[in-house]
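J.: sequence below, structure please.
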Amino acid sequence: MTRQIIFIAFLISTHSVYAQKSKNNLAKIPPGIPTKREMETEERNHNCIKRVNRTFTARLNNYPFNVSTQIQFVSFIDSTSIEDSLPRLNDTICYSKLKEVKTLTFAQVDKLTDIFYNYSFRGTTYIISEASCYNPRNAILFLDSRGKAFEFIEICFECSKIQESSEKISVGDLCDQKMDMLKKLFKKVGIEYGITKGLISGD
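T.: From the prediction side, this is the model:
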């Protein structure tokens, strides 16, 4: 219902707004008030489907996977005093302030890149619906040959928001189920804080 209200409000206010949970292929909102059928199509199109089946090798060609020697899932205590909360001193991650650190196996990196690059929207979408909160407790770290994290993706699973450390990083289309898929992978890897613990409505 919220997405429908936002969609209708956008259509009434402007006919030149572009919106989509992706950095590419933005769809222009069509003129006029949407019909019920159009709204139902919009809802369906936000669902995730496996639109392509890029090989693991092809997926690893995406930055920063192509220059990483290790990928880590981490958790940390949120701090709302700064724009993002991943503990850092200048450009260095403060590992002593992280709650959990898990280095991904080959198979887990395979699954992570599959989620990022093979799953996308079912069809054309015109609107973005997202929560206004941002309380990140998890991140994906990309390590170089010296073992230093040079890029990261910060994640707030409760608010379904992410923040990349570089504009060169892309997680693909943020279709509706992609955050849940990532959350399940964090849980499988062994991360608890921000997943099953430390939540506003939980422990």
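J.: residue nearest the centroid of this protein?
T.: residue 162 (4.7 Å; CA atoms, centre = their mean).
J.: flag every buried residue along the helix or strand containing residue 182.
T.: According to DSSP states H and E, residue 182 maps onto helix 178-189. For helix 178-189, burial by neighbour count (16 or more other CB atoms under 10 Å) applies to 178, 179, 181, 182, 183, 185, 186, 189. Glycine gets a C-beta too; all of them are placed from N, C-alpha and C.
J.: which residues sit against that helix?
T.: With contacts defined as CB atoms under 8 Å, 6 or more residues apart in numbering, helix 178-189 is touched by 48, 73, 102, 104, 108, 111-112, 115, 119, 138, 155, 157, 160, 171-172, 194-196.
J.: just the ones of those in helices?
T.: By the criterion of DSSP state H, membership of the contacts of helix 178-189 in helices covers 108, 111, 112, 115.
J.: the chain: helices as residue ranges?
T.: 2-13, 36-45, 56-59, 106-118, 178-189.
J.: need the contact partners of the longest one.
T.: This points to helix 106-118. Helix 106-118 is contacted from outside by 50-54, 56, 59-60, 62, 65, 71, 104, 140, 170-172, 178, 181-182, 185, 188-189, using CB under 8 Å, 6+ apart.
J.: ChimeraX command for the buried members of the residues you listed?
T.: If you want just the buried ones from the contacts of helix 106-118 in ChimeraX, going by 16+ other CB under 10 Å, the selection is:
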select :59,62,65,71,104,140,170,171,172,178,181,182,185,189
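J.: where do the strands of the protein begin and end?
T.: Taking DSSP state E to define them, one finds strands in the chain at 48-50, 70-76, 88-89, 92-93, 98-103, 119-121, 138-143, 149-156, 161-164.
J.: nearest to residue 40, of these?
T.: Closest of the strands of the chain to residue 40 is strand 119-121, at 15.1 Å (criterion: CB to CB).
J.: quick check: neighbours of the closest one in the sheet, parallel or antiparallel?
T.: Sheet pairing here is set by DSSP bridges, and for strand 119-121 it gives strand 48-50 (antiparallel).
J.: mean pLDDT added to the strands of the chain, as CSV?
T.: Shown next, in CSV, are the strands of the chain (pLDDT from 0 to 100):
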stretch, mean pLDDT
strand 48-50, 94
strand 70-76, 98
strand 88-89, 90
strand 92-93, 94
strand 98-103, 98
strand 119-121, 91
strand 138-143, 98
strand 149-156, 96
strand 161-164, 94
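J.: ok, and which of these has the densest surroundings?
T.: strand 138-143 (a mean of 24; mean count of other CB atoms under 10 Å).
J.: then it to CSV, C-alphas only?
T.: Provided in CSV are the C-alpha atoms of strand 138-143 (Å, rounded to 0.1, in the frame of the first residue of the first chain):
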residue,chain,number,x,y,z
ASN,A,138,27.0,-5.4,9.2
ALA,A,139,29.4,-5.0,6.3
ILE,A,140,31.2,-6.8,3.5
LEU,A,141,34.9,-6.1,3.5
PHE,A,142,37.2,-6.5,0.5
LEU,A,143,40.8,-7.2,1.4
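J.: which strands and helices sit next to that strand?
T.: The helices and strands touching strand 138-143, judged by 3 or more CB pairs under 8 Å, 6 or more residues apart in numbering; DSSP states H and E, are strand 70-76, strand 149-156.
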